[in-house]
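1. Give me coordinates for this.
(one chain, ligands or ions: 1)
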Amino acid sequence: MEMSINNAKAALANPSAQLKVLLADPRVPEEARQGLEEAGLDVQSLGESGNGSKVEKGGDASAGRAESRVQVVDEHQNFTPKLSRYLDKWGLLDKGFAYDVVAVFGSQSTGKSTLLNRLFGTSFDVMDETKRQQTTKGIWLCPSTYSSTLVMDVEGTDGRERGEDQDFERKSALFSLASTEVLIVNLWEHQIGLYQGANMGLLKTVFEVNLSLFGGSAEQHAEGLSSSSHEKTMLLFVIRDHVGATPLKNLMETLTQDMEKIWSSLSKPDHLVSARLSDYFDLSFSALPHKILLPDKFEEAVVNLRKRFTDRSRPDYVFKPVYHKRIPADGVAFYMEGIWQKVLTNKDLDLPTQQELLAQFRCDEIAAMVLEAFQDASKGVRRPVESGSVLDGLGGMMNDWRTTALAKFDKDASRYHQAVYTRKRLDLLKAIDNALAPLFMGQLKNVHKRCVATFRTELVDGLKGEGYDFGKVVKEIARRVEKDFIERAEETQLKDTDWQFDDELALLRDDLKLIADQCRVDETKKMVNAIERSLRKQLAEPVEIGLAKPNAEMWDNLLRVFRAMLDKSEEVYLAKAKSRDCPLFGRNSKANPGSPLGFNCTEEENTASMSNLRRRAWHHFRAKVGEQLSDPAILAKLKNSFEDVFRYDAAGVPRVWSPGDDIDSVFRHAKDETLALIPLYAKIKPKDPSNAFTLPSDASVDASLDPDADFDFPSTLIIFSETKKLDLENRFKRDADAYYVEAKRSVVSSVAQIPVWMYGVLVVLGWNEAMYVLFNPLYLLLLVLLASSAYVVLQLGLVGPMLQVSRTVFNEVKTIAKDRLSEAFQDVQPQLEKPYTTSVGGGDGRARHEQDQKTGNPNETFLEK
Ligand SMILES: Nc1nc2c(ncn2[C@@H]2O[C@H](COP(=O)(O)OP(=O)(O)OP(=O)(O)O)[C@@H](O)[C@H]2O)c(=O)[nH]1
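-> Coordinates of the predicted model:
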């Protein structure tokens, strides 16, 4: 431990180059320097050598020196454009208000630069003793080595170089007062009490200038807006070569009296007549021993005086907040230049206006920079939003960009004129919100699109299968989709904005309703179709039965059944179509309060659907009737009806015609009764008119629901036209005639049957043969066998197969016999041909044969055949 301390001390005694550079940095805090001083390091000498400042004139003006100071205003009264760059280099730009400005005033060659160099470690040029001429020209600025202080060295007054020209003196006074907190008035002890020598003329100028700068206008004064109580400057009189014969206290009194005298001698504007010197200036005094005669004491006093500039804990610390000109460091360059331009053009220099101008300029600059960063950050999401994507967490991102931008603006701009800052902040906020609003709107649009698509898809899925409740499905999906939309919109909506999404939500609701309505129409159609199918099935049997038993009330019964089924179907439809109030659609609230949520159709839709249902039901009824009364069916029905009367008696027993029966009258009766059915079937006409069925007029039918809109109801009641009736009558009559003829034949055949005595003859003649078979065991056995086989065959139902087998065997035998016969004939043919060819007597048989073919010889033809 001991060793490390010793090593550290050795390092401090012989500091490295890096340490020197570090200590040359004006940003090194005072505490750190004090710590080093306490550790035995000569910080002052290090600082001076570190930043290249040389107290003495001459030597080479090193690059370090050149870099550590800047001539703000040159001898030709031009303002430097490099000030901002220098401030940046000195690390002061981001200091905000944490910096101070001190300037020195005094006659030429009175050791001002020397004093500043010793006090602040600056590197201002000092006079070359051998030449004794003006050194500082214009106004110079250099950072203090010991704190964040800008030190201003102003060209000395009373210089022989400017002679009687007091112009620059006034201008530099204006310039210095507008920006400094402490104005060091440098004067020799022996000058005190002398008007010219003590720079009293200069001080008068300072006071006058001060009044014009900070006195405010008469109006402001009247309104109590004068800034005199705030804009104060410290005048620090540094009495050089103080021998000590006259105590400092006395010198202070003399100087104070002189100041008061000068102040009262000023010709003040009316509203400032009563203004006191202390309203604008605090006076402070310090004395320094002779530098050449008492160098040690001089140095000691300088170190002491320096503490008044660096040690905030001291009661005589000079940089009191009240003196600060409230110009943020990053605005100093712009501000000083503005001041100097005003000074040059001899225009009224109104400091508050200057501060406001500066604030406007800087706030605009900061806002532009902040906006640029904001645009860069938000650039990445613009394209996806424009291309229709819904971005997760967009609201959070937008909020972050906005907060970051505002925080940056607040940090840099809040130091400027408050009214300007507040105004510019609002402008910035507006610009940011305007830039973000399209993202918000884009996101809403995309969410809307997505919600509509989701609603459509989920609705289609929800309506698949059986047993769903349309209203419930729609309501549930709509609720989910709307919730999603609202959540997204709220997430994207920024606080403290007037952004709303009510219109977009209403638009979404409209779109959902439109889709649901369309779906409802489709679903209603589906429901009507289902009811219609069921009705068609139910109708089939009653119509068949009803038409099979024709009677005078046939149509009444059929129409009553039809009516009852239709009413039931309509009930089913209405139970689903009407429903309680559905929140999505908000209508039909009175309908069926107890029923489950359904399609919630409108009255018009219900009327149209039911009319359509009735028409379709009728269509099916009529089609079924048509099918049951088609030509073959009606003829069969007529035939049955005729048979019922003609072939069966009143008790339903089949008739067996005997020669004595009155076939003709029964036939006539049956025919007339059957023919009477044709007009009954020909038209749907109930006996009781109250059972008649009618359909609504065509005008009330929705054509979109009914593709068969132009059908003519009365024509559907006609089943057989007059021609058709005649045709049916004729066709029936032919059938009936056939029955009549058949009946007549049956009488004849029953008359022509075998007489009974014939059976007696058969018994008598066949008695012996029968006995022979019965009493011959062989024949009897054969008979029994044949009878048993026949019984078994009959019992097993093998008669058919056996007949089939017999037939097949017979056919087979026949085919084989045929083949054998044709083969036999083929064998016989050569033998027959032989005598034929020889009979020609050695001639060419073949030629003969061909000739015979031509002449058509019958023998040949026979043979070939
Ligand atoms: N007697 C005396 N001479 C001093 C003192 N301080 C500086 N000098 C000398 O006074 C001369 C002028 O010093 P500068 O510091 O250049 O004076 P200045 O007021 O800055 O001069 P300009 O910049 O030309 O106005 C130099 O030769 C210094 O050595 C001092 O405290 N007492």
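2. which helix of this structure spans the most residues?
-> Ordering each helix of the chain by length in residues (DSSP state H) puts helix 502-548 first.
3. Quick check: residues of this protein near the ligand?
-> Those residues of the chain that sit near the ligand, judged by C-beta under 6 Å from any ligand atom, are 108-114, 126-127, 129, 134-136, 156, 240-241, 290-292. All C-beta atoms are positioned from the backbone trio N, CA, C, and that covers glycine.
4. quick one on the thing from earlier: right, and the helix or strand after the longest helix of the chain?
-> Later in the chain than helix 502-548, the nearest helix or strand by DSSP states H and E is helix 554-577.
5. Residues contacting that following helix, please?
-> Here helix 554-577 makes contact (C-beta atoms under 8 Å, 6 or more residues apart in numbering) with 470, 524, 527-528, 531-532, 534-535, 538-539, 542-543, 546-547, 592, 595, 598-601, 605-606, 609-610, 613-614, 617-618, 621, 625, 680, 684-688, 691-693.
6. quick check, distance from that helix to the centre of its chain.
-> 51 Å (C-alpha atoms, centre = their mean, to the nearest Å).
7. I'd guessed residue 432 sits against residue 405; true?
-> Yes. With contact defined as C-beta atoms under 8 Å, residue 432 counts as touching residue 405 (5.9 Å).
8. any common contacting residues for these two?
-> Residues touching both residue 432 and residue 405 by C-beta under 8 Å, 6+ apart: 371, 374.
9. before we move on, the earlier item: sort out which of the residues of the chain next to the ligand are buried, if you could.
-> Among the residues of the chain next to the ligand, those buried by neighbour count (16 or more other C-beta atoms under 10 Å) are 108-114, 126-127, 134-136, 156, 240-241, 291.
10. Need the worst-confidence member of these.
-> On pLDDT alone, residue 134 ranks lowest of those, at 60.
11. rewinding a little: buried ones only from the contacts of helix 554-577, please, as a PyMOL command.
-> Buried subset of the contacts of helix 554-577, written as a PyMOL selection, criterion 16+ other C-beta under 10 Å:
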select buried, resi 470+524+527+528+531+532+535+538+539+542+543+546+547+592+598+599+600+601+605+606+609+610+613+614+617+618+621+625+684+685+686+691+693
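12. Which elements pack onto whatever helix or strand residue 441 lives in?
-> Following DSSP H and E, the helix or strand that holds residue 441 is helix 418-462. Secondary-structure packing of helix 418-462 (3 or more C-beta pairs under 8 Å, 6 or more residues apart in numbering; DSSP states H and E): helix 351-386, helix 394-413, helix 470-492, helix 502-548.
13. Mind checking the pLDDT average for the shortest one?
-> Which is helix 394-413. 91.
14. relative to helix 418-462, how tilted is that helix?
-> With axes from the mean of the first three to the mean of the last three C-alpha atoms, to 10 degrees applied, the angle from helix 394-413 to helix 418-462 works out at 170 degrees.
15. Please point out which parts of helix 394-413 sit buried.
-> For helix 394-413, the neighbour count (16+ other C-beta under 10 Å) marks 394-395, 397-399, 401-402, 405-406, 408-409, 412-413 as buried.
16. Which single one of these is nearest to residue 767?
-> Comparing the buried residues of helix 394-413 against residue 767 with C-beta to C-beta places residue 394 closest, at 122.7 Å.
17. wait, the closest one sits on residue 443?
-> Yes. Under the criterion of C-beta under 8 Å, residue 394 makes contact with residue 443 at 5.4 Å.
18. Which neighbours do these two have in common?
-> Common neighbours of residue 394 and residue 443 (C-beta under 8 Å, 6+ apart) are 385, 492.
19. Give me the local confidence score for whichever residue of the stretch 451-600 of the chain sits closest to the ligand.
-> Per C-beta to the nearest ligand atom, residue 496 is where the stretch 451-600 of the chain lies closest to the ligand, at 56.5 Å. Confidence at residue 496, expressed as pLDDT, is 82.
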